[in-house]
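**Q** Using only what follows, build the 3D model:
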Amino acid sequence: MEKEMEIKVKEYALLGAVIIGVYIGFRFLSPLAAPFLFAFAFVAWLHPWLEKVQNKIHIKKGVLTAGILLLFCVTAGVGAWCLVIFAIQKLSDLLGQVDVFEERFCIFVGNCCEGIEKKFGMDGDGIEQFILERVNVFIENFQVQVVPRIMNESVGYVKNFVGVVSFLAIMIIAAVLLAKDYTEMMRKLYCREEMRCVINIGKKIFRHIGTFIRAQFIILLIISLLCGATLFLGGFEGGIAIGLFTGFMDMLPFIGTGLVLMPLAFWQILNGYYAKAVICVILYVVCALTREFLEPKLIGERMGIFPVAILFSVYAGVKLFGVFGIVKGPLALITIYEVYLFLRGKKGVCGKNEGREESGV
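**A** Residues are numbered from 1 along each chain as shown. Sure, this is the predicted structure:
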């Protein structure tokens, strides 16, 4: 009994040490190592294809890697720019209709309060006045506090943009250099047993990451098509574009499609289109159920990690690491999971033969 208790204590101590180590790494070291890790993962994934292309057309691996990364960055940049332009246009259209929105909102509140007064005998005018006062206070606070704060942080937005550009530039340069010497580097690393262990753990982690990203992309695509088709068939103006944008917003944790569909439903109510409002609400529920159904199939069963653990990791990641915790949280969970299993000795043995087989040398 004492021996079993001692084993349990050691396992918990090991798990705690792994969690602390991963937190320190992600909190303090990841900003320094991130571009190089991304470059290494990209080159490792692309290396077999680079070998084949180089043997056929005799173009250096570094040149091929640089071309692929530049093409990807340009494509992603154009896509992000189009998305930002679309969002700005919709926001400007919405701001241009603020007076109409305010008028219809007042009519809507007045009708609701009048109905309450008739049915329950309550003071409808008093309720209406109270609601409108609260709304006006909210709008004033938003204009006085939120808008100036956003404008004051514009310098921070520029710094973040420069940081992203610097990150991509360093990653591309590192990938070009790694592609050139990848085979020789891997041969030397696999000569050391401890490095074989680290690399094999890293491969398992990146397999999980690939599974997670692939699953999220499939879910995003399905929900985007579902929203686009539903809003188009429901007669919404710009339904396809709004639907695709709604599906894209589903990648955000906790709010997702509701960030678009709930305000859209409220706007339909103000305009008297109650059937369209019901469509928005039903679509929001269907999207949530679709994600809940697909995530266990695409993520949990393949990764061996419960979807609720992934959700917790996203929430904890945002709390610990800020906005980037959306990515860092699940990545940290996967790292803790694989390192802990390896240190317990329950998965894989880093032997010389295994290392040589996986490295291809």
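
**Q** what's the domain layout of the protein?
**A** Segmentation of the chain into domains, based on automatic domain parsing, reads 34-189, 194-361.

**Q** Please tell me how far residue 136 sits from residue 83.
**A** Here the criterion is CB to CB, to the nearest Å. By it, residue 136 lies 33 Å from residue 83. In short, each C-beta sits where N, CA and C put it, glycine included.

**Q** that older thread, among the domains of the chain, which is the most enclosed?
**A** Ranked by mean neighbour count under mean count of other CB atoms under 10 Å, the domains of the chain are led by domain 194-361, which reaches a mean of 17.

**Q** related to what we said a few turns ago, reformat the domains of the chain as JSON lines; add mean pLDDT and distance to residue 18.
**A** Compiled in JSON lines, the domains of the chain are given as follows (pLDDT from 0 to 100; distance: least, CB to CB, whole Å):
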{"stretch": "domain 34-189", "mean pLDDT": "79", "distance to residue 18": "19"}
{"stretch": "domain 194-361", "mean pLDDT": "77", "distance to residue 18": "5"}
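
**Q** Columns distance to residue 19 on top of those domains, output as TSV?
**A** Formatted as TSV, the entries for the domains of the chain read as follows, by distance: least, CB to CB, whole Å:
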stretch	distance to residue 19
domain 34-189	20
domain 194-361	6
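
**Q** For residue 26, find the nearest of those domains.
**A** Judged by CB to CB, the one of those that comes nearest to residue 26 is domain 194-361, at 5.1 Å.

**Q** can you give me how far the closest one is from the chain middle?
**A** Put simply, domain 194-361 sits 7 Å off its chain's centre (CA atoms, centre = their mean, to the nearest Å).

**Q** swap in stretch 112-132?
**A** In terms of CA atoms, centre = their mean, the centre of stretch 112-132 is set 43 Å apart from its chain centre.

**Q** Show me the contact partners of that stretch.
**A** Under the criterion CB atoms under 8 Å, 6 or more residues apart in numbering, residues 106, 109, 110 lie in contact with stretch 112-132.

**Q** from these, which is closest to residue 192?
**A** Of all these, the one sitting nearest residue 192 is residue 109; the distance, using CB to CB, is 71.6 Å.

**Q** rewinding a little: which one among the contacts of stretch 112-132 gets closest to residue 161?
**A** Proximity of the contacts of stretch 112-132 to residue 161 (CB to CB) peaks at residue 106, which lies at 40.2 Å.

**Q** Point me to the helix or strand that includes that closest one.
**A** The secondary structure element spanning residue 106 is helix 98-120 (assigned by DSSP states H and E).

**Q** what's the following helix or strand after that helix?
**A** helix 124-141.

**Q** now that next one, how far from the centre of its chain.
**A** Shown here is helix 124-141, whose average C-alpha point lies 37 Å from the average C-alpha point of the whole chain (CA atoms, centre = their mean).

**Q** circling back: if we compare the domains of the chain, which one ends up closest to residue 10?
**A** By CB to CB (comparing all of the domains of the chain), the closest turns out to be domain 194-361, at 9.9 Å.

**Q** quick revisit: make JSON lines from the contacts of stretch 112-132 and add distance to residue 75 to it.
**A** Shown next, in JSON lines, are these (distance: CB to CB, whole Å):
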{"residue": "106", "distance to residue 75": "46"}
{"residue": "109", "distance to residue 75": "47"}
{"residue": "110", "distance to residue 75": "50"}
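
**Q** which among the residues you listed gets closest to residue 230?
**A** Proximity of these to residue 230 was ranked by CB to CB; the top entry is residue 109 with 28.9 Å.

**Q** who's in contact with the closest one?
**A** Neighbouring residues of residue 109 by CB under 8 Å, 6+ apart: 128, 131, 132.

**Q** Distance to residue 202 for those residues - can I get that in a markdown table?
**A** Written out in a markdown table, the entries for the contacts of residue 109 read as follows (distance: CB to CB, whole Å):
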| residue | distance to residue 202 |
| --- | --- |
| 128 | 62 |
| 131 | 57 |
| 132 | 59 |
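
**Q** separation between residue 327 and residue 209?
**A** Computed as CB to CB, the residue 327 to residue 209 distance reads 10 Å.

**Q** For the stretch 151-300 of the chain, just list every one of the strands.
**A** All residues of the stretch 151-300 of the chain lie outside strands when identified by DSSP state E, counting those that start in this stretch.

**Q** max-length helix in this structure?
**A** When every helix of the chain is counted residue by residue (DSSP state H), the longest turns out to be helix 193-233.

**Q** separation between the residue of the chain most remote from its centre and residue 131?
**A** In the chain, the greatest distance from the average C-alpha position (CA atoms, centre = their mean) is reached by residue 121, at 49.5 Å. With distances defined as CB to CB, the gap from residue 121 to residue 131 amounts to 18 Å.

**Q** how far away is residue 192 from residue 25?
**A** Residue 192 sits 21 Å away from residue 25, taking CB to CB as the criterion.

**Q** Hmm, I typed the wrong one, I wanted residue 264.
**A** Distance check for residue 264 against residue 25: by CB to CB, it reads 42 Å.

**Q** what do you get for residue 327?
**A** If you go by CB to CB, the gap between residue 327 and residue 25 works out to 15 Å.
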